[in-house]
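Peer 1: Sequence and predicted model, in that order:
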Amino acid sequence: LVFLAIRGIGKAKPFLQAMRRDEQTPEVVVLVLLANFQRKVPSRAALAPTGAHLVEKALELHRTFNFAQFLQGENTPRHIGILKEIIHLEGQEVLRFYLLSLVGVMCGLRGEESVQGSLFLNQLNGEMVLAGVRVLQNLQTASPCGLYWAFLAERAAALQLDFNSLEQLAFVRLACLARATRSDTAPLQKEWLKLSVADRKTLIQRFVADGISTLAFAFAFLPAYFANAKRNPAVGMYRALLVLVELIDTLQRDGYAEKIGARMLPVNLQELADFTGTVESPSAFMVVHVHSTLARQRGELDFVISARHKQDAAQTNWSDDPTNELRALMRRVERRVDCVNQQLERVPEVRKVSSSDG
């Protein structure tokens, strides 16, 4: 109860606004208060040393590992690996308290709308939360990749989706990112199949990357991006997926991860998610990556859209410089050519194997 009560203090806007942009989370606010202004948190003083230690460790874990992002497929196996490393040092008791606190936090979502029960933790969301908790109970015995895909396997079963090939694994993760229900999966599959083979391959490679042995992009606000895309008739899921492919292509071509020297590259898409919800012109949306930059901020990249293009987004009949449209088209053609070349390169290998078998 003390954990849930003092975590709520961290949501106060004056406290959040006093923090650096990358530290504006309830957990960071409360940890700062506990370290420097303990009189502002009298509940903490009522706890025994053991209880106070558990509360502080749980806050640190919530700061490190975002459980809501885990449930939505927003983070990567690398995030679970970081959590696993911390629990290895802190012990099983901290893990148990952390998992219990997760349930409490989930119960409080949408609490400002009603205090009559939990609006968020209905049967559908409750099953998802419990599946996530069950998986994390095996944190000390299973690998990060095993835990990550075990949870997505449970989500696949709940959504009645196949979970065998790499493409199926990637699609299940997309379904989680798009906050899909069973009734949403068929329309989502239709949009997915509209993509070219080359574009699907790009998404598959990134959606199944673990951030441990293979390079992964951790896109913050990707679920919000897809949610706004679905609500905005000028965008839709198909265009949203195409623009995401363009962003991934830019990250790979320009070697951003190599510059930072990491297997996992956090990319903040909050500005893109907001733009996606308000843009009026499909044409303006489709070239948003051309009118944007990737700014490095404390180990992550921020997707920043030019002020001029944000203004243009309000125009229904907007048209871009033909050069920009041509450049975007050429990049899509290049991806398709690369995909075809890779498939053709495998043909001699297949023939060689076939002839040796004969």
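Peer 2: The structure has been received and is ready for your questions.

Peer 1: Scan the helices and strands of the protein for the one with the lowest mean pLDDT.
Peer 2: Sorting the helices and strands of the chain by mean pLDDT, DSSP states H and E puts helix 322-357 at the bottom, at a mean of 59.

Peer 1: so who does residue 101 touch?
Peer 2: Residues near residue 101 by C-beta atoms under 8 Å, 6 or more residues apart in numbering: 3, 4, 58, 62. For every residue, glycine as well, the C-beta is placed using N, CA and C.

Peer 1: isn't the second one right up against residue 103?
Peer 2: This means residue 4. No - using C-beta atoms under 8 Å, residue 4 is not in contact with residue 103, being 10.3 Å away.

Peer 1: higher neighbour count, these two?
Peer 2: Taking neighbours as other C-beta atoms under 10 Å, residue 4 and residue 103 compare with residue 103 leading, 16 against 13.

Peer 1: Would you mind confirming that that one makes contact with residue 133?
Peer 2: Yes - between residue 103 and residue 133 there is a contact at 6.7 Å, judged by C-beta under 8 Å.

Peer 1: Residue 293 belongs to a strand, doesn't it?
Peer 2: Yes - under DSSP: H, G, I helix; E, B strand; the rest coil, residue 293 sits within a strand.

Peer 1: For it, list each beta-bridge partner.
Peer 2: Beta-bridge partners for residue 293, by DSSP bridges, are residue 304.

Peer 1: roughly how far apart are it and residue 11?
Peer 2: Distance of residue 293 to residue 11, computed by C-beta to C-beta, to the nearest Å: 31 Å.

Peer 1: what are the phi and psi values for residue 302?
Peer 2: Note on residue 302: backbone dihedrals following degrees, to the nearest 10 are phi -100, psi 130.

Peer 1: My read is that it contacts residue 256, right?
Peer 2: No - the pair residue 302 / residue 256 is not scored as a contact, 11.8 Å apart, by C-beta under 8 Å.

Peer 1: the more surrounded of the two?
Peer 2: Ranked by neighbour count (other C-beta under 10 Å), residue 302 and residue 256 place residue 302 first, with 21 against 18.

Peer 1: which ones are touching the more buried one?
Peer 2: Here residue 302 is in contact with 267, 268, 271, 294, 295, 296 (C-beta under 8 Å, 6+ apart).

Peer 1: okay, residue 41: pLDDT?
Peer 2: pLDDT, residue 41: 78.

Peer 1: Distance check, residue 314 against residue 54.
Peer 2: Residue 314 is 50 Å from residue 54, by C-beta to C-beta.

Peer 1: now swap in residue 44 and tell me
Peer 2: For residue 44 relative to residue 54 (C-beta to C-beta), the value is 12 Å.

Peer 1: Likewise for residue 262?
Peer 2: Residue 262 is 31 Å from residue 54, by C-beta to C-beta.

Peer 1: contacting residues for residue 172?
Peer 2: Per C-beta under 8 Å, 6+ apart, neighbours of residue 172: 73, 152, 155, 156, 159, 161, 163.

Peer 1: how about 10 Å then?
Peer 2: 73, 149, 152-153, 155-157, 159, 161-163, 180, 185, 207 (C-beta atoms under 10 Å, 6 or more residues apart in numbering).

Peer 1: quick revisit: who touches both of residue 103 and residue 133?
Peer 2: residue 67.

Peer 1: Now do stretch 174-194, average pLDDT.
Peer 2: So the average pLDDT for stretch 174-194 ends up being 97.

Peer 1: Pull out the buried positions in stretch 98-115.
Peer 2: 98, 99, 101, 102, 103, 105, 106, 107 (16 or more other C-beta atoms under 10 Å).

Peer 1: Let's see the pLDDT reported for the nearest residue to residue 78 once chain neighbours are set aside.
Peer 2: Leaving aside its chain neighbours, residue 78 sits nearest to residue 211 (3.0 Å; criterion: C-beta to C-beta, 6 or more residues apart in numbering). With respect to pLDDT, residue 211 has a value of 94.

Peer 1: Which helix or strand contains residue 211?
Peer 2: Using DSSP states H and E, residue 211 falls within no helix or strand.

Peer 1: And it, how far from residue 220?
Peer 2: In terms of C-beta to C-beta, residue 211 sits 14 Å off from residue 220.

Peer 1: what is in contact with these two at once?
Peer 2: 75, 266.

Peer 1: list the contacts for residue 46?
Peer 2: 2, 52.

Peer 1: Thank you, goodbye.
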